[in-house]
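Novice: Output the structure for:
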Amino acid sequence: MTLRTTCALAGVALLAVSATLPARAQSPERAEVMHWWTSGGEAAAVKVFADRFKAAGGEWVDSAVAGGEAARAAAINRIIGGNPPASSQFNTGRQFDDLVGQGLLADMSSVATENKWASVMPEAIVNAASRDGKFYAVPVNIHGQNWMFYNAATFEKAGITEAPATFDAFFAALDKLKSAGVTPMAWGGQAWQETLVFDAFLLGHVGKDNFIKIFRDHDASVVNSAEFKRSVEDFGKLRGYVDAGAPGRNWNDATAMVITGQAGVQIMGDWAKGDFINAKMTPGKDAGCALVPGDAGYVMGGDVFVFPKNGSDTPTAPQALLAKTMLDPETQIEFNNKKGSIPVRTDVDTSKMDACAQKGVAEVRDTAKQVPAATYMISADTTGQLQDAITNFFSNPSASADDFIASYADIIGSAD
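Specialist: The predicted structure is shown next:
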């Protein structure tokens, strides 16, 4: 959505949030932080930031708004309305382009240079957080977006001995789960979730180079390829493996279906792993993990925090302290262990992280496996158009793959 559209849609949410917000910060160390981390695993993770900031001499004022879109919209309204929080969460990518364009965010380059962030983060992450060579966002993690999570005990009961490594094996596993009386796919029927699954299938079918050609180069010829059509057809097959309650379901509710054995597999970013951890399931053991078939790379998503201007183009003292705290090496390990993601810093010791995180770290440290998420490369408007096309296709069993492909090609061909 554009900044204007986002603000219009968020008016009601803003009034509700503003009514409960504390007064503007008076003490130099006080920082109000807006975010959407409200699930069990997320709440445990954000508490790490709050506790570490307090230990560093700061005062964390928590402003949580459930749901990413609602939280971003409320934050944008606060920022353009002249009552910004000290910091606000966005996803890594282009979601905050309009705020940068309107000169509303502090340039965090001084803090980034002092702490040598650019030398310890993957280049794609640095680029996604920067505009014209200046840091306008502080990345705090890397979320793998093309994970399959499953309950190992549920797999065993269905006679599945290992995570499927090919799409044929994947659908065979879903059939076994269905025969065992288990909902095969834990499905969150929201546009962003369905797009995440589609993108994972797309990467597995077309490969890293073509994935990037689609989103970075807006190459519609790849969209019209046989490999793209196979990804669409396989994505459409998933309709037969989800339950009737899927439409509108939140991702963490879908994760709970896997945790409790009601469903077999969830394709989701590794923030879901935080909820498995919170449920006392060991990642890589009780909670199985594998990348979506195709072995084509690791789709790097993640979270950043932006720091709105407060009387100066540069960060205030509490903003600078908060940014430094979030990227402190020890904080990075503790936070990401709770969150399910991996550290955005590549220079920290990850040897004691869980088995799934170790897989992610290994993927990211191989530059050939680093795949920037689509949202790194396309605008929020284009993202919204693609999400609408994907969710409309999935929700309509009689939809034509060819018609969907034509629509997708048109959107990509005119993307900004």
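
Novice: thought residue 152 was touching residue 284?
Specialist: No - using CB atoms under 8 Å, residue 152 makes no contact with residue 284, being 9.2 Å away. Yep, even glycine has a C-beta here, placed from its N, CA and C like the rest.

Novice: Can you spell out which helices and strands pack onto the longest helix along the chain?
Specialist: What stands out as the longest helix in the chain, according to DSSP state H, is helix 191-215. With contacts taken as 3 or more CB pairs under 8 Å, 6 or more residues apart in numbering; DSSP states H and E, helix 191-215 sits against helix 220-223, helix 226-237, strand 263-268, strand 298-301, strand 370-372, helix 374-377, helix 380-394.

Novice: and it, how far out from the chain's middle?
Specialist: 14 Å (CA atoms, centre = their mean, to the nearest Å).

Novice: cool, stretch 90-99 as well?
Specialist: Distance, centroid of stretch 90-99 to centroid of chain: 12 Å (CA atoms, centre = their mean).

Novice: how close does the closest residue to residue 326 other than its chain neighbours get to residue 33?
Specialist: Nearest residue to residue 326, sequence neighbours excluded (CB to CB, 6 or more residues apart in numbering): residue 140, at 5.1 Å. Remark: distance between residue 140 and residue 33 (CB to CB, to the nearest Å) = 11 Å.

Novice: Of these two, which one has the most company?
Specialist: residue 140 (25 against 21; other CB atoms under 10 Å).

Novice: can you pull the contacts of the more buried one?
Specialist: 49, 302-305, 326-327, 332, 335, 344 (CB atoms under 8 Å, 6 or more residues apart in numbering).

Novice: lowest-pLDDT helix or strand in the chain?
Specialist: helix 11-18 (a mean of 39; mean pLDDT, DSSP states H and E).

Novice: pLDDT on the following helix or strand past it, on average?
Specialist: Under the assignment DSSP states H and E, the closest C-terminal helix or strand after helix 11-18 is strand 30-35. Taken as a whole, strand 30-35 carries a mean pLDDT of 97.

Novice: Just the residues contacting strand 30-35, thanks.
Specialist: Under CB under 8 Å, 6+ apart, the answer for strand 30-35 is 21-22, 25, 46, 49-50, 53, 58-65, 71, 74-75, 78, 85-89, 305, 318-319, 321-322.

Novice: Sheet-wise, list the partners of that strand with their directions.
Specialist: strand 59-64 (parallel), strand 87-91 (parallel) (DSSP bridges).

Novice: by contact count, what packs against the following helix or strand past the longest one?
Specialist: Toward the C-terminus, strand 59-64 is succeeded by helix 68-80 as the next helix or strand (DSSP H and E). With contacts defined as 3+ CB pairs under 8 Å, 6+ apart, the packing partners of helix 68-80 are helix 3-9, helix 11-18, strand 30-35, strand 87-91, helix 97-101.

Novice: 7 Å - rerun?
Specialist: helix 3-9, helix 11-18, strand 30-35, strand 87-91 (3 or more CB pairs under 7 Å, 6 or more residues apart in numbering; DSSP states H and E).

Novice: Report the angle between the third one and helix 68-80.
Specialist: Going by axes from the mean of the first three to the mean of the last three CA atoms, to 10 degrees, strand 30-35 is angled at 140 degrees with respect to helix 68-80.

Novice: Please put the alpha-carbon coordinates of strand 30-35 into PDB.
Specialist: Provided in PDB are the C-alpha atoms of strand 30-35 (Å, rounded to 0.1, in the frame of the first residue of the first chain):
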ATOM      1  CA  ARG A  30      13.300   7.000  27.400                       C
ATOM      2  CA  ALA A  31      12.200   5.300  24.100                       C
ATOM      3  CA  GLU A  32       8.800   4.300  23.000                       C
ATOM      4  CA  VAL A  33       9.000   1.300  20.600                       C
ATOM      5  CA  MET A  34       6.100   0.200  18.400                       C
ATOM      6  CA  HIS A  35       6.000  -3.400  17.200                       C
END
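
Novice: That one: how far from the chain's middle?
Specialist: 20 Å.

Novice: again with stretch 339-347
Specialist: How far stretch 339-347 lies from its chain's middle: 13 Å, per CA atoms, centre = their mean.

Novice: Name the residues that touch that stretch?
Specialist: Residues from elsewhere that reach stretch 339-347 (CB atoms under 7 Å, 6 or more residues apart in numbering): 41-42, 45, 120-122, 125, 139-143, 270-274, 277, 302, 327, 329, 332-333, 336, 350, 357, 360-361, 364-365.

Novice: what do you get for stretch 101-119?
Specialist: For stretch 101-119, contacts defined as CB under 7 Å, 6+ apart pick out 79-80, 96, 99, 126, 134-136, 138, 306-309, 313-315, 319-320, 323-324, 327.

Novice: just stretch 380-394 next, same as before
Specialist: 1-2, 94-95, 191-192, 194-195, 198, 239, 375, 399, 404, 407-408, 411, 415-416.

Novice: got a pLDDT number for residue 387?
Specialist: Residue 387 carries a pLDDT value of 98.

Novice: Next, count neighbours for it.
Specialist: 18.

Novice: Nice, that's everything, thank you.
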